[in-house]
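Asks: This is a predicted model, with the sequence first.
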Amino acid sequence: MKLIQIKIIHFGQLSNITFNLPEDENITSFFGPNEAGKSTTVAFIKQILFGFYLRTNKSAFFEEYQPLAQVSPMGGSLVFKDEAKNVYELERLWAKGDKTKKGILTVKKNSEIIDASLFFNKIQNIDSNFYTDSFIFNQDTLAQILSLKEQDLVEQIYYLGAAQSTEFLKVRDKLEKQADQLFKKTGKKPTLNQLFSKKAALKDELAKISDEAQAYRDCQKQVANEKAQLEEVNQNMTAVRKKINQRKNLVQKLSTFKKVQDLQRELVDVNFNPQNYQLVQELDAKKQSLELNLKNITQQLDSLNQTDFDLERGSQFVLQKAQVLDWQNEIQVCQNQQNQLNDQLNQLQEYYPKLEKIAKLSHEEINEIRKSYNSFEKKPQMPKLELNLLIGVVGLVLLFFAPLGTVLGALALIGLGVWNYQARNKLQDYQQVKRKFNSKFELGTTTSSEFESTLSQIATMQSLKVNIAANQNKLGLLQEKLKKFVANLSDFLKQEIELDEIVTTLDELDLRIRKYEKEQAARNTLMANKTDLIAKLAKVSTELTQALAADKVENLVQYQQKYQKYLEAEKKASQLAAYRDAIKDDEQELKAIVANEAKFNHENTLLNEQELSLTQKLSQLNQALAETKLKLTNFANSSEVASKKQALADLDTQIETVSIDYLSNLLAAKIINRALDLASGERLPKMMQASQAYFNLLTQGRYKKINFEKNISVTNQNSKKIDIKYLSRATKEQLYFALKLAFAQQIHDEISLPILIDDSFVNFDDNRINEIKNLLIKLAKDSQILIFTARKTLSQNLPGNKLEYPERK
């Protein structure tokens, strides 16, 4: 995992700075004077990975940074590239109001956002403390060398291999302590040490008892000699079988070696440019995509129907929609007014039934009627019945009861008769004149007042008729305009339109116009896109032809065939490399075997015969040892010897029991150590070996060994063990570099992160700097190293890429 870009938005005193690191260099030096921001950059790298240290989440040392100015956001990004060329971008930002404390982390893989755990799984989910202890070198971390213990290194190295390694180490320490309580080489109090002392004393007593004891001891020596011979034969047998197994392994690798020879003969160099092939693939895919897009656009253009539609005339009809609505409203108003006027006229005629007839009379006839009505008002009156009776009664009284009154009574009666007669004649004449009037004008029983009232309503009736005529005329004009508009619209649309369908038809026409305009716009856009696609297709086709010509092929088929040959050659080369790697330690021996297989087979036959001979000898020695042990048993014939021997046997049993406990504890502790070593890929022994080599190199041979004990110490060239506290500061720092660089080198296959060295050579003289430079060059083969320094000469002398901090304003 290589760091290829550092982008600082705001962090400490640094703002808007980007460092691009070359992918082909593993050493990059950052030069800048004091306060340029070197330590800030180191802290930035760590905190982007593992989180910011803000007020509620402070670091124990050198990492408490916030933007100096009131700017937002705080943070930036790191860009890594792994062995598979995947690009990971880690962006961590924090702004005021953000409650996350560590900032918000966004992880992208090849520009696509992914879960952060996918990145941290690739670096074994280490935490910030592990990264600081393993990959960061500065004056603060250098000071930790005095407190460094073997336990710290063990826990760090086992962290990668076994979960709960700390608990395993506690169990191991407990088992070792229990083993020490049972036996120590120079101890007296442990149980086994006391038992061994008792056994030695008992054996001395047994030796003094009798001559049989001497014979017994001689027999014991014979048993010991026979056991030694048996052990020697067993060792020889082990050595022979080891050789046989090694040769079997060589026989298994022989077929691989022959494959290597065959592949070397078959391997041919194919002149092929993978980058150009990738370009051709991209251009071909682009060409196919353009052709598909062009086809789709052509189909879309074909699907858009070309219609002869008079857009301008249709739009004019739509624009008159408001006028049509006005016409319809006015017609409705006129019709309502017409109904109202007719209703008023009907009501007037109903209330004045003679209105029409009187309205038709001439002025002279009206005057005549008025005069007649005036004369009719002087209607003759008949004497009232009461008056006639009174006069009649008075006349009769006078006639019969008074002499003088007879004449008066007679005159009264005669006068009454004449008066009634004349009144009746006048009434008959009046009625005859009235009948002639009614016969002439046919006004019925109309009175003079009714006649005058009817005359007064004639003006109202005539006004209503004038208004009705005017309104009817206006209504006709409006209906004529509307019919003419409908006729024109029907002609334009080629369809029959009812008057009540005008607005709906205009709305449909408006939708049709909008659809037509939209289709025209779509057609214009598609035509422009089609023209652009044709131009792009021509350009891509030209580029594709040129790219094919660059690799001397005429078409994609030929290029694909050439690519297959290239892949086959690469596959063979990869197989060859794998086979050679599998036999690299035995290649010379395999060459010798192939050169003379008969000799190799003969040597195998001799080894098999030697194994058979040793097997027979082992059988003979085991038989002889059994006979001697039986003889030794027969010597136990005296009771005292038997008693002492029994005591010795009991003691041996007790020693065996305690020894089993001791060996069990010791073996269990070693098994735990071995299991942790295996789980960590044998890293601890390799790390110890590498750190000693690095320390020896850095000190130019003055110190030859690092002692990994409870407290780490060193041994100088005079074989004198020295505690770390007695070393010079520069030598302590060299030891620190040796240990941490060896650790980082051992775990680079699991955690491939950049090593950060921040002004850690201030106590080194020129010789020490030269040695550390050589060591860094060696380590840079496997690890990326970033060096931050204020010493310009050091930056210039270091290999690799060189970057400088911008001057501060």
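Replies: All right, it came through fine.
Asks: ok, the longest strand seen in the chain: who's next to it in the sheet?
Replies: When the chain is parsed with DSSP state E, its longest strand is strand 2-11. In the sheet, strand 2-11 lines up against strand 14-20 (antiparallel), strand 74-81 (antiparallel) (DSSP bridges).
Asks: Adding mean neighbour count, distance to Asp140 and mean pLDDT, write the ones you listed out as TSV.
Replies: Glycine gets a C-beta too; all of them are placed from N, C-alpha and C. Below are the strands paired with strand 2-11 laid out as TSV (neighbours: other CB atoms under 10 Å; distance: least, CB to CB, whole Å; pLDDT from 0 to 100):
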stretch	mean neighbour count	distance to Asp140	mean pLDDT
strand 14-20	15	20	92
strand 74-81	21	22	94
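Asks: which one of those lies closest to Tyr566?
Replies: strand 74-81 (24.5 Å; CB to CB).
Asks: And Leu648, how close does it get to Lys740?
Replies: 56 Å (CB to CB, to the nearest Å).
Asks: So which residue is dead centre in this protein?
Replies: The centroid of the chain falls nearest to Ile113 when counting by CA atoms, centre = their mean (4.1 Å).
Asks: need the contact list for that one.
Replies: 106-107 (CB atoms under 8 Å, 6 or more residues apart in numbering).
Asks: Helix or strand: which one has it?
Replies: strand 112-114 (DSSP states H and E).
Asks: Pull out the buried positions in the next helix-or-strand element following that strand.
Replies: Using DSSP H and E, the next helix or strand after strand 112-114 towards the C-terminus is helix 116-122. Neighbour-count burial for helix 116-122, counted by 16 or more other CB atoms under 10 Å, picks out 119-120, 122.
Asks: Can you tell me which of these is nearest Ile534?
Replies: Closest to Ile534, out of all of the buried residues of helix 116-122 and judged by CB to CB, is Phe119, at 44.7 Å.
Asks: mind checking how far that closest one is from Pro685?
Replies: 31 Å.
Asks: Same question for Leu195.
Replies: 35 Å.
Asks: Comparing those two, which residue is more hemmed in?
Replies: Leu195 (20 against 13; other CB atoms under 10 Å).
Asks: quick one: contacts of the helix or strand hosting the more buried one?
Replies: Using DSSP H and E, Leu195 maps to helix 191-207. Outside helix 191-207, the residues within contact range by CB under 8 Å, 6+ apart are 181-184, 187-188, 213-214, 217, 641, 644-645, 647-648, 651-652, 654-655, 658-659, 662.
Asks: where does the stretch 251-400 of the chain dip in pLDDT?
Replies: The model of the stretch 251-400 of the chain has pLDDT under 70 over residues 304-309, 353-363, 365-400.
Asks: Which stretches in it count as helices?
Replies: With DSSP state H, counting those that start in this stretch as the criterion, the stretch 251-400 of the chain has helices at 274-303, 311-319, 321-351, 355-359, 363-376, 385-401.
Asks: next one: the stretch 51-200 of the chain
Replies: According to DSSP H, counting those that start in this stretch, the helices that the stretch 51-200 of the chain contains are 116-122, 128-135, 139-142, 150-159, 165-182, 191-207.
Asks: Out of these, name the one with the poorest average pLDDT.
Replies: Confidence, taken as mean pLDDT, is least for helix 150-159 of these (a mean of 51).
Asks: Which residues are in contact with the closest residue to Asp98 other than its chain neighbours?
Replies: Using CB to CB, 6 or more residues apart in numbering and skipping residues adjacent in sequence, the residue nearest Asp98 is Ile104, 6.8 Å away. By CB under 8 Å, 6+ apart, the contact list for Ile104 reads 92-94, 98.
Asks: Going by neighbour count, which of those residues comes out on top?
Replies: Arg92 (27 neighbours).
Asks: Show me the beta-bridge partners of that residue.
Replies: Residues in beta-bridge contact with Arg92 (DSSP bridges): Gly76, Leu105.
Asks: Would you quantify the distance from it to Ile136?
Replies: Taken as CB to CB, the span from Arg92 to Ile136 is 18 Å.
Asks: And Ala43, by the same measure?
Replies: Taking CB to CB, one finds Ala43 at 9 Å from Ile136.
Asks: what residue ranges in the stretch 401-550 of the chain score low on pLDDT?
Replies: Along the stretch 401-550 of the chain, segments meeting pLDDT under 70 span 401-413, 416-423, 425-456.
Asks: Now do the strands in the protein.
Replies: 2-11, 14-20, 27-31, 74-81, 87-94, 104-109, 112-114, 136-137, 703-707, 713-716, 721-723, 755-758, 785-789, 801-804.
Asks: Return the distance of the fourth one from the chain's centre.
Replies: Same thing as strand 74-81. 17 Å (CA atoms, centre = their mean, to the nearest Å).
Asks: How about stretch 802-809?
Replies: 36 Å.
Asks: Not counting its own residues, what contacts it?
Replies: Contacts of stretch 802-809 (CB under 8 Å, 6+ apart): 13, 17, 19, 21, 28-33, 35-38, 795-796.
Asks: now what about the longest strand of the chain, what contacts it?
Replies: With CB under 8 Å, 6+ apart, strand 2-11 has contacts from 14-23, 26, 40-41, 43-45, 47, 65, 67, 69, 71-82, 87, 93, 752-754, 784, 786.
Asks: distance between the ends of stretch 266-283?
Replies: 33 Å (CA to CA, to the nearest Å).
Asks: residues of that stretch that come out buried?
Replies: 272, 277, 279-280, 283.
Asks: Let me see the contact set for Asn767.
Replies: Per CB under 8 Å, 6+ apart, neighbours of Asn767: Gln700.
Asks: Kindly state the domain boundaries assigned to this protein.
Replies: 1-123+753-808, 151-160+681-751, 161-269+569-680, 313-327+481-518 (the TED database).
Asks: okay if I get those domains as CSV plus distance to Leu544?
Replies: Shown next, in CSV, are those (distance: least, CB to CB, whole Å):
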stretch, distance to Leu544
domain 1-123+753-808, 25
domain 151-160+681-751, 42
domain 161-269+569-680, 24
domain 313-327+481-518, 37
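Asks: And those: which comes nearest Lys539?
Replies: domain 1-123+753-808 (25.9 Å).
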